[in-house]
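# Model the structure of this input:
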Amino acid sequence: MSRRATGRPDPSHPLHSRTRIKICGLTREADVDAAVEAGADAVGFVFYEKSPRYVGIERAAQLARGLPPFVTPVGLFVNADPALIESAAAAIPGLLLQFHGDETPAQCRRPGRPYLRAVRMAPGVDLLDFAQRFDDAHGLLLDAFVDGFGGGGKVFDWSQVPRGVPRPLVLSGGLHAANVIAGILRVRPWAVDVSSGVEAAKGIKDAAAISRFCEAVRKADARLAQSES
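Numbering: from 1, shown residues only. Have a look, this model is predicted:
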């Protein structure tokens, strides 16, 4: 299966004509191929050992090696040792960092690389304050609050997301083809992130589910474009 290139916009730009797509938790070449063929803009590798989707740096580098231009590799870290982050960034050119633990703004900035900061959307979270503290993040990834770290495949209350957050938003948490349209129409995110919602089993993606998810995102964008015309 050939890997075709898709567009990769400037992730710091808040305006967009379409919703970007990240497929996370990839562990197999076939799943990377399926994500690229479906039109994903980014693919995610989990460097958190407690996750069932964990991959080591060498394995992630193998999976990322065949990515076409403009498809971004993303590394998910949870309270990781700086040496691990440095090693992953050295092994995978163009790696976008995603911090999913208790990392402070200083810890996120220390590697000197573009990063996403996950926000665990518990009741009472002040997203505007969060965006101010992480004002150099290339995006804020909104996920449901669950016990532990790394994402739990749960949907949070989208009404918690205020208008006017001054960073690009990546909607995550329990998304799948049947609900992503509603999420995009409600939150108007810059991008969406999916993992368990396109799986046959933990860490094993379903190519047909990936395709359906990406097609649903395009349908949501078409509806937004029609409503704004």
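
# From now on I want contacts and neighbour counts done on CA atoms only, so please keep to that.
OK.

# Neighbouring strands of the host helix or strand of Gln98 in the sheet, and parallel or not?
In this assignment (DSSP states H and E), Gln98 forms part of strand 96-99. Strand pairing for strand 96-99, determined by DSSP bridges: strand 72-77 (parallel), strand 115-120 (parallel).

# Contacts made by it with the rest, please.
With Cα atoms under 8 Å, 6 or more residues apart in numbering as the test, strand 96-99 has contacts from 72-79, 108, 113-118.

# Buried ones only from these, please, as a ChimeraX command.
Buried members of those, defined by 16 or more other Cα atoms under 10 Å, are picked up in ChimeraX with:
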select :72,73,74,75,76,77,78,108,114,115,116,117,118
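
# Identify, from the contacts of strand 96-99, the entry nearest to Val32.
Pro73 (10.3 Å; Cα to Cα).

# ok, so what distance separates the closest one from Leu95?
As judged by Cα to Cα, to the nearest Å, Pro73 and Leu95 stand 5 Å apart.

# what's the longest helix in this protein?
helix 207-228 (DSSP state H).

# which helices and strands sit right next to that helix?
helix 29-38, helix 180-187 (3 or more Cα pairs under 8 Å, 6 or more residues apart in numbering; DSSP states H and E).

# Which positions in that helix come out as buried?
In terms of neighbour count (16+ other Cα under 10 Å), helix 207-228 has its buried residues at 207, 209-218, 220-221, 224.

# what's the lowest-pLDDT member of these?
Least confident entry in the buried residues of helix 207-228, by pLDDT: Leu224, with 92.

# List the residues that contact it.
Leu185.

# sec struct for the spatially most central residue of the chain, please.
Centroid-nearest residue in the chain, with Cα atoms, centre = their mean: Asp193, separated by 4.1 Å. Three-state call for Asp193 (DSSP: H, G, I helix; E, B strand; the rest coil): strand.

# ok, it touching Thr19?
No: the pair Asp193 and Thr19 fails to qualify as a contact (Cα atoms under 8 Å) at a distance of 10.4 Å.

# Quick check: mean pLDDT of stretch 115-127?
On average, stretch 115-127 scores 93.

# on that earlier part again, could you dump the strands paired with strand 96-99 into JSON lines with distance to His138 added?
Compiled in JSON lines, the strands paired with strand 96-99 are given as follows (distance: least, Cα to Cα, whole Å):
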{"stretch": "strand 72-77", "distance to His138": "12"}
{"stretch": "strand 115-120", "distance to His138": "6"}
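
# looking at the ones you listed, which is closest to Leu63?
strand 72-77 (9.4 Å).

# quick one: the closest one to chain centroid distance?
8 Å (Cα atoms, centre = their mean, to the nearest Å).

# What would that strand look like as CSV? C-alpha coordinates only.
Extracted in CSV, the C-alpha atoms of strand 72-77 (Å, rounded to 0.1, in the frame of the first residue of the first chain):
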residue,chain,number,x,y,z
THR,A,72,3.5,14.8,11.1
PRO,A,73,4.8,12.2,13.7
VAL,A,74,3.7,13.0,17.2
GLY,A,75,5.2,11.6,20.4
LEU,A,76,3.0,11.3,23.5
PHE,A,77,4.8,11.6,26.8
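
# right, and the helix or strand after that strand?
Using DSSP H and E, the helix or strand that follows strand 72-77 towards the C-terminus is helix 82-91.
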